[in-house]
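>>> Sequence below, structure please.
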Amino acid sequence: MTIEEKLELFKKSTMEEVDNRNKEVQEEYRKTLEDMYASRIGQAKEKAEVQIKAQTDVLMRRHNRTLSREANNIKRDIGEKHHEAKEKLFKDIEAKLEEYTKTSEYEEKLIRLILNARKVAKSNPITIYIDPVDADKVRRLEKETDMPVTISKIPFLGGIRAVISSKNILIDNSFASRLAEAKQTFSI
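Take a look at the predicted model:
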């Protein structure tokens, strides 16, 4: 083989070796770049997930605060409506009681209440009080029960109150006290 052929063969083998080495270096570089790219993509995804989670948490807290505030507003509104309905109901009841106090059934009820109070008192002295609005009923009540009846200075919406002083007993069958008890225990 001639020198030129040897040179040509050397050149060719060197070129192949350089090409192979160049391909290996390029492949390594490409692989390194792909690894770096994948790593950066992973880091970017992690960072995005952390940001998404943080923003989601912020939005959830904000949502929960708003929800809680609205729930409190609704509860307050319901409480106010409950109070208004309760007040209206008891005003209606008072109006019905006022109508009832003008009936003969009411007078019969007063008579029964006075007679029951007399039974409780037995032979002890008793003072029977009626509401000032019922002053026109005194004569009939005294006649029917054979008991003196006193007109109270304090209105109590009807019914009677009786005092047995010797036993320190107050019999309160007034509509005001019954209404107050009902109002206290009433719930919708």
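>>> Pop the domain breakdown of the chain in here.
Per automatic domain parsing, the domain ranges recorded for the chain read 1-100, 103-185.
>>> average pLDDT for stretch 16-34?
Taken as a whole, stretch 16-34 carries a mean pLDDT of 90.
>>> let me fix that: stretch 83-98
pLDDT averaged over stretch 83-98 gives 92.
>>> So Thr150 lies in a helix, does it not?
No: counting by DSSP: H, G, I helix; E, B strand; the rest coil, Thr150 is located in no helix; its state is strand.
>>> Setting aside sequence neighbours, what's the nearest residue to it?
Tyr129 (5.2 Å; C-beta to C-beta, 6 or more residues apart in numbering). C-beta coordinates here come from the backbone N, C-alpha and C atoms, glycine included.
>>> Which elements pack onto the helix or strand containing that neighbour?
Per DSSP states H and E, Tyr129 falls inside strand 127-130. For strand 127-130, the packing partners by 3 or more C-beta pairs under 8 Å, 6 or more residues apart in numbering; DSSP states H and E come out as helix 104-121, helix 138-145, strand 149-151, strand 159-164.
>>> want to throw those into JSON lines with mean pLDDT and distance to Lys88?
Shown next, in JSON lines, are the helices and strands packed on strand 127-130 (pLDDT from 0 to 100; distance: least, C-beta to C-beta, whole Å):
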{"stretch": "helix 104-121", "mean pLDDT": "94", "distance to Lys88": "24"}
{"stretch": "helix 138-145", "mean pLDDT": "93", "distance to Lys88": "33"}
{"stretch": "strand 149-151", "mean pLDDT": "95", "distance to Lys88": "31"}
{"stretch": "strand 159-164", "mean pLDDT": "96", "distance to Lys88": "23"}
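>>> Looking at the ones you listed, which is nearest to Lys45?
The closest of those to Lys45 is strand 159-164. By C-beta to C-beta, the value is 79.6 Å.
>>> So for this structure, the centremost residue is which one?
Lys75 (4.1 Å; C-alpha atoms, centre = their mean).
>>> so what does the helix or strand that one falls within touch, helix or strand wise?
Following DSSP H and E, the helix or strand that holds Lys75 is helix 3-100. On a contact count with 3+ C-beta pairs under 8 Å, 6+ apart, helix 3-100 meets helix 175-185.
>>> Tell me which residues of the helix it packs on come out buried.
For helix 175-185, the neighbour count (16 or more other C-beta atoms under 10 Å) marks 175-176, 178-179 as buried.
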